[in-house]
Structures are given as structure tokens and as C-alpha cells.
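*Asks:* Provide a 3D model corresponding to the input given below.
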Amino acid sequence: MTDLTETRLIRPPATMRRDRLAPWIAEARALARLAWPLAITQFAQMAVMTTDVIMLGRLGKTALASAAIGNTVFYFAWLIGAGPVSALAPMIAQALGSSEHSVAQVRKIARMGLWAILVLAAPLMLLLLFARPILIALHQDPVLASGAGLFIAMLALGLPFSLGYQALRNISTALGRPRPALWVMGATIGFNILGDYTLIFGHFGAPKLGIVGAGLATTSSFIFSAVAMAVIIRLTPDLHRYRILRRFWRVSWTPLQEVFRLGMPIGVTMMFEMMMFSSMTLVMGTFGATALAAHQIALNVASITFMGPLGIGMAATVRVGLAAGAEDYVGVRRAGYTAMGVATFFIGGCGIAMALLGPQIAGLYFSGRTAGDLGVIAVAASFLKVAAAFQVFDALQVVGAMSLRGMKDAHAPMILAGASYWLGGAPMCIALGIGLHMGGIGVWIGLAFGLFLAAASMVWRFIHLSRARL
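*Replies:* All right, here's what the predicted structure looks like:
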């Protein structure tokens, strides 16, 4: 009788290759099942924000500018709360990876994530209520600061609900159910459109509230999404069995401390990137209206395509977390590398389109073709050529950072992000854009350089850390 070992040794090479590829194919499929609903949900969230911009644009440039400033301030506060909320996915994934039956531990983590929102919401809401004097102290136009203050005051009421939706979404995703968040966000788009139309312009017997109405409509959509998400979790047997609100007022100190210990560096990491892009938008404004308009177009295109890698990165957090919880570090590396490869392939196609079809893409933002429009289109097309490379680095840095998050590694990525963006990217933007008089294209090259440093350092950190834990 042929020995089993000999049988294995004489297998055809094609069979051996299939055996080696099988785990990678299985991982790619599992990643795709998680990632595509997450990516589309991110697109839907952008659609909600775009609706606000379109509706407010009909009120005039003052209302639109006030809302733009207001959203920047609100987003800053939101990121502080979003850090601990983002910690829920890797914590729950690792708990599930260590034991598929860890219902009690998942419940504790989810409950303490919601507690974190309650702890942070009150001081953040208070900060937002003082937005007007803060903006005036920062030398913003008093008229715009007043409008932004009213807008932010309305948004502040919805802050805990916005964070609550994100927490429930992360819990559902970590439990392998990303689609409920997609259904909720799809419904929220329609809810927000109706709210904006009713409250901004005074339809259906409602008072015409202008920018205040926009804030109220957005807050109402925050409340709607949080309540709808909670209802779907209650009605979905696979999610309801965890009973995340059971004994809600019982504190679990260890998970609560970990939510903040892991979550606060995540929030700071996101702020580092947001602040670099916001600062460079201000720098771009010094080059004139054409450069600034082109910058906003190119940035909007890049933001839309970025939703794909962001969804892949969020799925990578869960996949890496499940493997890390099971102490399967071969699986950790496979999950991280697969996500990086898929994200690079996706964004590479988008980058080719940006490089080859820049004028056509930028032209979609204009209904006419005046001399001014053509000037903006030409400049935006040049920025989109840089964005072709920029996008690949952005995809790798976000997937790398989120793969590290799945390993509960947050402090090192925070330091790497701060150094990449503020010791590398921002100085390069200023050196090229202002120092070498390259203008807007110099700023975009600097942004790409900062993202390159972040991508290289995050990927290196993942390779090093996952190898060390093997």
C-alpha cells in the first residue's frame, strides 16, 4: 500500500498550488462579503452630506460658507467621540476569535462602547454650543461665524445619536452583519432630503428656517439612523441574541478602560490626517479662487473613490481581529495582505481613470463652459494626475492602519501618522507650493508625499508586528 506521505509528495504541482491558494481565495471572499456593504454605506453617508450642500447652495454663498465652517468644527468634535466608537470592532472581533460563544464578553464591550458615548457627549456638546465665540477668536468673518454658530448648535443636539449609530454599526459589522447599516443609511438619505426640503425652505406648512432648518434636518437624520439601527438589531435574531442593552447600567471597568485606551489614539490618528488636509485647503486659498475651486473638485473626486478602500479597511479590522483573537497570526498576515492587495487593485483602476480622464471628470462639476470654468477644469485635471498616485498611497495607509487596529495596535499608528503628515507631508506642501512657487500642484505633490510616508510606515508596522507575533 502506498504510504500517505508518499502520496502527498507525488501530488501534481497544480494541485499543490491550488492547496496553497485556497486559504487566500477563502480570505478574499470573506473580506468581500464584509467590505462591499461597508463601502456602499460610506458612499451613502457622503450622499447625505452632499444633499445638505446642494440644498444650502440654493440659499446663497453666505449660508453655504457658514455651513462649511460649521461642518468643520462639528467634524472635529465628532472625531473625538468616534475614536472610542471605532475601538468596538477590533475588541468584539478578537473576543469572537478567541471564542465563538463569548456572548457575555461581546455584550460587555458593546455596552461600554455606548457608555463611552455618554461620557464624551456632554462635554463635546457644550464645546459645540460655544462655536460662535471660538470662531470669532480665530478671526473668522463675524457674519459667517454667527451662521455657523446657529448651524452647529442644531448639530450638537444630534451628536450622541450620530455616534450611537456608528457604535451600533461597528457592533453589527464585527458580528458579521454589515448590511443592516447599509439599509439604514439608504433610508436616511431619503429622510434627510425630505427634512432639508421641509425645514430649510418651509414646505408642508413648516416654518422657513434656512440654515437652522438644515441643522435640524441633519440632527433629525442622526436620530432616525440611530433609532432605526437599534430597531434592526432588535429584530435580527443573530444580533439580538447578544442583548447588548441588557443590564445597561452595570459598569464593566476593564472593557470601558480598553475602549478609551484603544479608542483615543484612533481618534487622534484620524485628526492628524483631517487637520493636514484642512490646513492645506487654507494654503490653497492663498493661490486664488481658481486653484481653490480646482482643489475642492479634485479632493471631492478622491474622497468618493476613497470610500472603497475605507470599506475594505473596515472589513480588514474585523478579519484581522478574528484571527488575532484566535492567536492565528498566519491568518492575521493573510487577512492584512489580502485587504491591501484588494484595495490597491480597486484604487489602481480609479487612479488610471483620473490620470487619463481628468478633464472629463472635472467637467462633470460644471453646467457651462465659460473661460473661468475651463480654467478650473484644466487645473483640476492636473491635480487629478497627482491624485492617481495619491490614491494608491491613501488606500494602503488606511488599510494598513485598520489592519493594525484589528491587532489592537493604536499608539504606534498614531505616532506614525503624526510624523508622516506633520513632519513630512505638511512641510513638503509648503516647501513646494510656496517655497518653490509651484502653487497648487506643489501642495498636491506634498499631500501625496505625506500619504506615501503614512502608507510605507503603516505597512512596515503591520509586517513587523505580525511577524513578531508568529
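
*Asks:* What is the neighbour count of Phe366?
*Replies:* Phe366: 16 surrounding residues under other Cβ atoms under 10 Å. C-beta coordinates here come from the backbone N, C-alpha and C atoms, glycine included.

*Asks:* With adjacent residues omitted, what lies nearest to it?
*Replies:* Asp373 (4.6 Å; Cβ to Cβ, 6 or more residues apart in numbering).

*Asks:* Starting from the one helix or strand that neighbour maps to, tell me the next helix or strand along the chain.
*Replies:* Applying DSSP states H and E as the criterion places Asp373 in helix 371-406. Once the chain leaves helix 371-406, the next helix or strand it forms, by DSSP H and E, is helix 411-418.

*Asks:* In that next one, which residues are buried?
*Replies:* In terms of neighbour count (16 or more other Cβ atoms under 10 Å), helix 411-418 has its buried residues at 413-414, 416-418.

*Asks:* Can you name every helix or strand that it contacts?
*Replies:* On a contact count with 3 or more Cβ pairs under 8 Å, 6 or more residues apart in numbering; DSSP states H and E, helix 411-418 meets helix 253-285, helix 371-406, helix 440-468.

*Asks:* For Phe151, give me its contacts.
*Replies:* Contacts for Phe151 (Cβ atoms under 8 Å, 6 or more residues apart in numbering) come out as 66-67, 70, 211-212, 214-215.

*Asks:* Could you find the closest non-adjacent residue to it?
*Replies:* Spatial nearest neighbour of Phe151, excluding adjacent residues (Cβ to Cβ, 6+ apart): Gly70 at 4.0 Å.

*Asks:* Quickly find the element holding that neighbour.
*Replies:* Using DSSP H and E, Gly70 sits in helix 61-86.

*Asks:* Ser86 and Arg177, how far apart?
*Replies:* The gap separating Ser86 from Arg177 is 18 Å, by Cβ to Cβ, to the nearest Å.

*Asks:* Pick out whichever of these two has more residues nearby.
*Replies:* Of the pair Ser86 and Arg177, Ser86 is the one with more neighbours under other Cβ under 10 Å, namely 26 against 18.

*Asks:* these two touch, right, that one and Ile171?
*Replies:* No. Ser86 lies out of contact with Ile171 (Cβ atoms under 8 Å); the separation is 11.7 Å.

*Asks:* Which residue ranges make up each domain of the protein?
*Replies:* Following the assignment in automatic domain parsing, the chain carries domains at 32-251, 261-470.

*Asks:* Nearest to Trp24, out of these?
*Replies:* domain 261-470 (6.4 Å; Cβ to Cβ).

*Asks:* Tell me the buried residues in stretch 105-121?
*Replies:* 105-117, 120-121.

*Asks:* Let me see the ranges of the helices in the stretch 151-300 of the chain.
*Replies:* 179-201, 210-235, 237-240, 253-285, 289-325 (DSSP state H, counting those that start in this stretch).

*Asks:* what would the ones you listed look like in a markdown table with distance to Ala39?
*Replies:* Listed next are these as a markdown table, based on distance: least, Cβ to Cβ, whole Å:
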| stretch | distance to Ala39 |
| --- | --- |
| helix 179-201 | 9 |
| helix 210-235 | 18 |
| helix 237-240 | 21 |
| helix 253-285 | 18 |
| helix 289-325 | 3 |
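
*Asks:* Quickly compare those helices and say which is most buried.
*Replies:* helix 289-325 (a mean of 24; mean count of other Cβ atoms under 10 Å).

*Asks:* Low-confidence regions, the stretch 301-450 of the chain specifically.
*Replies:* 367-369 (pLDDT under 70).

*Asks:* And the stretch 51-200 of the chain, by the same measure?
*Replies:* By pLDDT under 70, the weakly predicted segments of the stretch 51-200 of the chain are 57, 61, 100-101.

*Asks:* wait, isn't Leu322 in contact with Ser98?
*Replies:* No. Using Cβ under 8 Å, Leu322 is not in contact with Ser98; the gap is 9.3 Å.

*Asks:* So for stretch 68-81, what gets flagged as buried?
*Replies:* Neighbour-count burial for stretch 68-81 [16+ other Cβ under 10 Å]: 69-71, 73-81.

*Asks:* How about residues contacting it?
*Replies:* Against stretch 68-81 from outside (Cβ under 8 Å, 6+ apart): 49, 116-117, 120-121, 124, 127-128, 131, 134-135, 140, 144-145, 147-149, 151-152, 155-156, 159, 162-163, 215, 267, 270-271, 274, 278.

*Asks:* tell me the contacts of Phe452?
*Replies:* By Cβ under 8 Å, 6+ apart, the contact list for Phe452 reads Phe393.

*Asks:* Same question for Val212.
*Replies:* 150-151, 154, 199.

*Asks:* again, only using 7 Å
*Replies:* 150, 154 (Cβ atoms under 7 Å, 6 or more residues apart in numbering).

*Asks:* between the longest helix anywhere in the chain and helix 179-201, how big is the angle?
*Replies:* Using DSSP state H, we find that the single longest helix of the chain is helix 13-57. With axes from the mean of the first three to the mean of the last three Cα atoms, to 10 degrees applied, the angle from helix 13-57 to helix 179-201 works out at 10 degrees.

*Asks:* Excluding chain neighbours, what is closest to the spatially most central residue of the chain?
*Replies:* In the chain, the residue lying closest to the centroid (Cα atoms, centre = their mean) is Leu310, at 6.0 Å. What sits nearest to Leu310 in space, not counting adjacent residues and going by Cβ to Cβ, 6+ apart, is Gln42, at 5.4 Å.

*Asks:* So for the one you found, what pLDDT did the model give?
*Replies:* Note on Gln42: pLDDT of 88.

*Asks:* quick one: it and Thr305 touch, right?
*Replies:* No. Counting by Cβ atoms under 7 Å, Thr305 is not a contact partner of Gln42; they are 11.0 Å apart.

*Asks:* buried residues in stretch 90-104?
*Replies:* 90-97, 102.

*Asks:* From the residues you listed, which land in helices?
*Replies:* Per DSSP H, the buried residues of stretch 90-104 map to helices at 90-97.

*Asks:* Now render those as CSV, adding distance to Ala401.
*Replies:* Output for those, formatted as CSV (distance: Cβ to Cβ, whole Å):
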residue, distance to Ala401
Pro90, 12
Met91, 16
Ile92, 18
Ala93, 16
Gln94, 17
Ala95, 21
Leu96, 21
Gly97, 20
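
*Asks:* Could you work out the end-to-end span of stretch 402-415 for me?
*Replies:* 15 Å (Cα to Cα, to the nearest Å).
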